[in-house]
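Visitor: Sequence plus predicted model, see below.
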Amino acid sequence: MTVRAGVLALQGDFREHAAALSAAGATPVLVRTAADLDGLAALVVPGGESTTMGALAERFGLVAPLREAIGGGLPTLGTCAGLIFLARATTGPRPQVQLGVLDAVVERNAFGRQVDSFETDLRVAGWAEPLRAVFIRAPRVERTGEGVEVLAAMDGHPVMVRQDKVLGTAFHPELTGDRRVHTLLLEMAGER
Ligand code: GLN
(Lines give C-alpha, C1' and ligand atoms only; values in the text may rest on other atoms or scores of the structure.)
Protein backbone atom coordinates (compact mmCIF):
# COMPACT_ATOMS: atom_id res chain seq x y z
CA MET A 1 0.00 0.00 0.00
CA THR A 2 1.37 3.42 -0.89
CA VAL A 3 1.07 6.37 1.44
CA ARG A 4 -1.23 9.29 0.70
CA ALA A 5 0.76 12.51 0.38
CA GLY A 6 -1.12 15.80 0.07
CA VAL A 7 -0.15 18.78 -2.04
CA LEU A 8 -1.68 22.15 -1.15
CA ALA A 9 -3.34 22.99 -4.46
CA LEU A 10 -4.56 26.56 -4.04
CA GLN A 11 -1.97 28.12 -6.31
CA GLY A 12 1.51 27.52 -7.71
CA ASP A 13 3.21 24.44 -9.13
CA PHE A 14 1.29 21.77 -7.25
CA ARG A 15 0.99 19.53 -10.34
CA GLU A 16 4.77 19.13 -10.58
CA HIS A 17 4.89 18.17 -6.89
CA ALA A 18 2.08 15.64 -7.38
CA ALA A 19 4.10 14.06 -10.21
CA ALA A 20 7.27 14.07 -8.07
CA LEU A 21 5.41 12.38 -5.20
CA SER A 22 4.09 9.69 -7.57
CA ALA A 23 7.62 9.13 -8.86
CA ALA A 24 8.83 8.81 -5.26
CA GLY A 25 6.21 6.10 -4.65
CA ALA A 26 3.34 7.95 -2.93
CA THR A 27 -0.26 8.55 -3.94
CA PRO A 28 -0.69 12.33 -4.35
CA VAL A 29 -3.84 14.00 -3.03
CA LEU A 30 -4.68 17.60 -3.99
CA VAL A 31 -5.61 19.60 -0.88
CA ARG A 32 -8.12 22.43 -1.26
CA THR A 33 -10.30 22.04 1.84
CA ALA A 34 -9.69 21.15 5.48
CA ALA A 35 -11.38 17.76 4.89
CA ASP A 36 -8.73 16.94 2.28
CA LEU A 37 -6.14 16.88 5.09
CA ASP A 38 -7.75 13.80 6.65
CA GLY A 39 -5.70 10.64 6.46
CA LEU A 40 -2.59 12.16 4.91
CA ALA A 41 0.84 10.76 5.77
CA ALA A 42 2.69 13.85 4.48
CA LEU A 43 2.06 17.24 2.91
CA VAL A 44 3.79 19.45 0.34
CA VAL A 45 3.31 23.22 0.18
CA PRO A 46 4.44 24.18 -3.33
CA GLY A 47 6.18 27.19 -4.84
CA GLY A 48 4.18 30.01 -6.36
CA GLU A 49 3.40 33.37 -4.79
CA SER A 50 3.38 33.32 -1.02
CA THR A 51 1.12 36.37 -0.53
CA THR A 52 -1.49 34.91 -2.90
CA MET A 53 -1.20 31.49 -1.30
CA GLY A 54 -1.70 33.00 2.16
CA ALA A 55 -4.70 35.04 1.03
CA LEU A 56 -6.32 31.99 -0.62
CA ALA A 57 -5.63 29.79 2.42
CA GLU A 58 -7.41 32.38 4.54
CA ARG A 59 -10.34 32.59 2.16
CA PHE A 60 -10.69 28.80 2.00
CA GLY A 61 -10.58 28.49 5.82
CA LEU A 62 -7.35 26.50 5.69
CA VAL A 63 -5.04 28.52 7.94
CA ALA A 64 -6.12 27.02 11.28
CA PRO A 65 -6.50 23.44 9.94
CA LEU A 66 -3.03 23.61 8.37
CA ARG A 67 -1.48 24.97 11.58
CA GLU A 68 -3.15 22.22 13.55
CA ALA A 69 -2.16 19.40 11.17
CA ILE A 70 1.46 20.49 10.70
CA GLY A 71 1.87 21.60 14.31
CA GLY A 72 0.49 18.18 15.30
CA GLY A 73 3.35 16.43 13.50
CA LEU A 74 2.21 15.95 9.88
CA PRO A 75 5.52 15.68 7.96
CA THR A 76 5.55 18.69 5.63
CA LEU A 77 7.79 19.98 2.85
CA GLY A 78 7.55 23.65 1.85
CA THR A 79 9.37 24.77 -1.28
CA CYS A 80 10.12 28.39 -2.21
CA ALA A 81 6.81 30.24 -1.64
CA GLY A 82 5.83 27.20 0.43
CA LEU A 83 8.86 27.72 2.68
CA ILE A 84 7.82 31.36 3.15
CA PHE A 85 4.25 30.31 4.00
CA LEU A 86 5.47 27.81 6.62
CA ALA A 87 7.88 30.26 8.28
CA ARG A 88 7.04 32.57 11.16
CA ALA A 89 7.99 35.91 9.54
CA THR A 90 9.62 37.63 6.60
CA THR A 91 12.15 40.46 6.68
CA GLY A 92 9.80 42.59 4.55
CA PRO A 93 7.78 45.57 5.79
CA ARG A 94 4.37 44.24 4.75
CA PRO A 95 2.79 41.54 6.88
CA GLN A 96 1.46 38.50 5.06
CA VAL A 97 -0.38 35.37 6.12
CA GLN A 98 2.12 32.79 7.38
CA LEU A 99 1.59 29.55 9.29
CA GLY A 100 4.47 29.99 11.74
CA VAL A 101 5.13 26.23 11.96
CA LEU A 102 8.81 26.69 11.06
CA ASP A 103 10.86 28.85 13.41
CA ALA A 104 12.59 30.84 10.68
CA VAL A 105 12.59 34.37 9.30
CA VAL A 106 12.89 34.48 5.53
CA GLU A 107 13.90 37.15 3.08
CA ARG A 108 11.76 37.01 -0.05
CA ASN A 109 13.35 37.41 -3.50
CA ALA A 110 16.71 37.34 -1.75
CA PHE A 111 18.86 36.74 -4.80
CA GLY A 112 18.08 39.99 -6.56
CA ARG A 113 16.06 40.87 -9.61
CA GLN A 114 18.79 40.62 -12.29
CA VAL A 115 19.58 37.00 -11.51
CA ASP A 116 16.13 36.03 -10.40
CA SER A 117 16.47 32.44 -11.62
CA PHE A 118 19.49 30.16 -11.58
CA GLU A 119 20.58 26.59 -10.98
CA THR A 120 23.42 25.31 -8.86
CA ASP A 121 24.79 22.14 -7.30
CA LEU A 122 24.18 22.19 -3.56
CA ARG A 123 25.93 20.24 -0.86
CA VAL A 124 23.31 18.77 1.46
CA ALA A 125 24.33 17.63 4.94
CA GLY A 126 24.61 13.85 5.04
CA TRP A 127 24.17 13.32 1.28
CA ALA A 128 27.07 11.93 -0.72
CA GLU A 129 26.05 13.42 -4.07
CA PRO A 130 25.36 17.14 -4.60
CA LEU A 131 21.77 18.17 -5.32
CA ARG A 132 20.93 20.12 -8.47
CA ALA A 133 18.84 23.03 -7.21
CA VAL A 134 16.63 25.37 -9.27
CA PHE A 135 16.05 28.79 -7.69
CA ILE A 136 13.25 30.99 -9.05
CA ARG A 137 12.81 34.38 -7.38
CA ALA A 138 13.83 32.44 -4.36
CA PRO A 139 13.86 33.37 -0.70
CA ARG A 140 16.60 32.51 1.72
CA VAL A 141 16.56 32.03 5.44
CA GLU A 142 17.88 34.94 7.49
CA ARG A 143 17.32 33.69 11.03
CA THR A 144 16.54 30.32 12.52
CA GLY A 145 15.28 29.27 15.94
CA GLU A 146 16.97 26.71 18.15
CA GLY A 147 15.35 23.57 16.84
CA VAL A 148 16.10 24.33 13.20
CA GLU A 149 18.81 22.33 11.47
CA VAL A 150 20.50 23.83 8.39
CA LEU A 151 20.83 21.12 5.72
CA ALA A 152 22.21 23.32 2.93
CA ALA A 153 23.37 26.92 2.56
CA MET A 154 24.48 29.32 -0.15
CA ASP A 155 26.98 32.06 0.71
CA GLY A 156 26.33 31.39 4.38
CA HIS A 157 22.55 31.68 4.08
CA PRO A 158 20.43 28.59 4.74
CA VAL A 159 18.44 27.38 1.71
CA MET A 160 17.36 23.99 3.07
CA VAL A 161 16.27 23.59 6.69
CA ARG A 162 14.52 21.08 8.89
CA GLN A 163 12.72 21.46 12.20
CA ASP A 164 11.39 18.12 13.46
CA LYS A 165 8.90 17.05 10.77
CA VAL A 166 8.98 20.30 8.82
CA LEU A 167 11.34 20.53 5.86
CA GLY A 168 11.87 23.70 3.82
CA THR A 169 13.76 24.40 0.62
CA ALA A 170 14.27 27.80 -1.00
CA PHE A 171 14.61 25.99 -4.34
CA HIS A 172 12.32 23.75 -6.43
CA PRO A 173 13.16 20.05 -6.01
CA GLU A 174 10.08 19.14 -8.09
CA LEU A 175 11.65 20.63 -11.25
CA THR A 176 14.56 18.20 -11.61
CA GLY A 177 14.56 14.43 -12.03
CA ASP A 178 16.21 13.97 -8.62
CA ARG A 179 13.62 12.65 -6.14
CA ARG A 180 15.75 12.68 -2.99
CA VAL A 181 13.94 15.58 -1.29
CA HIS A 182 10.48 14.04 -1.83
CA THR A 183 11.88 10.68 -0.74
CA LEU A 184 13.20 12.28 2.45
CA LEU A 185 9.69 13.64 3.15
CA LEU A 186 8.21 10.16 2.67
CA GLU A 187 10.87 8.68 4.97
CA MET A 188 9.89 11.26 7.61
CA ALA A 189 6.30 10.06 7.12
CA GLY A 190 7.43 6.46 7.62
CA GLU A 191 9.10 7.30 10.94
CA ARG A 192 5.85 8.58 12.39
N1 GLN B 1 8.98 35.10 -4.92
C2 GLN B 1 7.91 34.25 -4.50
C3 GLN B 1 7.33 34.70 -3.16
O4 GLN B 1 7.88 35.55 -2.55
C5 GLN B 1 8.38 32.80 -4.40
C6 GLN B 1 8.81 32.30 -5.77
C7 GLN B 1 8.61 30.84 -5.98
O8 GLN B 1 7.90 30.15 -5.24
N9 GLN B 1 9.21 30.36 -7.03
O10 GLN B 1 6.33 34.22 -2.73
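Guide: The structure has been received and is ready for your questions.
Visitor: contacts and neighbour counts: CA atoms only from here.
Guide: Will do.
Visitor: What about Leu86, how many residues nearby?
Guide: When neighbours are defined as other CA atoms under 10 Å, Leu86 has 30 of them.
Visitor: From Gly6, how far out is it?
Guide: As defined by CA to CA, to the nearest Å, Leu86 lies at a distance of 15 Å from Gly6.
Visitor: same check, this time on Val97
Guide: 21 Å.
Visitor: in the protein, which spans are helices?
Guide: With helices called from DSSP state H, the chain shows them at 14-23, 50-59, 63-71, 81-86, 180-190.
Visitor: Please identify the most buried of those.
Guide: helix 81-86 (a mean of 31; mean count of other CA atoms under 10 Å).
Visitor: ok, which residues in the protein are in contact with the ligand?
Guide: By CA under 6 Å from any ligand atom, the residues of the chain that approach the ligand are Gly47, Gly48, Glu49, Ser50, Cys80, Ala81, Arg108, Asn109, Ile136, Arg137, Ala138.
Visitor: Need these in TSV (columns: pLDDT).
Guide: Formatted as TSV, the residues of the chain next to the ligand follow (pLDDT from 0 to 100):
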residue	pLDDT
Gly47	98
Gly48	97
Glu49	97
Ser50	98
Cys80	98
Ala81	98
Arg108	97
Asn109	95
Ile136	96
Arg137	95
Ala138	97
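Visitor: Give me the buried entries from those residues.
Guide: Gly47, Gly48, Glu49, Ser50, Cys80, Ala81, Arg108, Asn109, Ile136, Arg137, Ala138 (16 or more other CA atoms under 10 Å).
Visitor: Could I get the contacting residues of Gly71?
Guide: By CA atoms under 8 Å, 6 or more residues apart in numbering, the residues touching Gly71 are Val101.
Visitor: So it versus the ligand, what's the distance?
Guide: To the ligand, Gly71 is 22 Å away according to CA to the nearest ligand atom, to the nearest Å.
Visitor: Now do the contacts for Leu40.
Guide: Val3, Arg4, Ala5, Gly6, Leu74.
Visitor: got the contact list for the residue nearest to the second one when sequence neighbours are not counted?
Guide: Counting by CA to CA, 6 or more residues apart in numbering, the nearest residue to Arg4 once its immediate chain neighbours are dropped is Thr27, at 4.8 Å. When contacts are counted by CA under 8 Å, 6+ apart, Thr27 is found next to Thr2, Val3, Arg4, Ala5, Leu21.
Visitor: which one of those sits closest to the ligand?
Guide: Using CA to the nearest ligand atom, Leu21 comes nearest to the ligand of the contacts of Thr27, at 17.9 Å.
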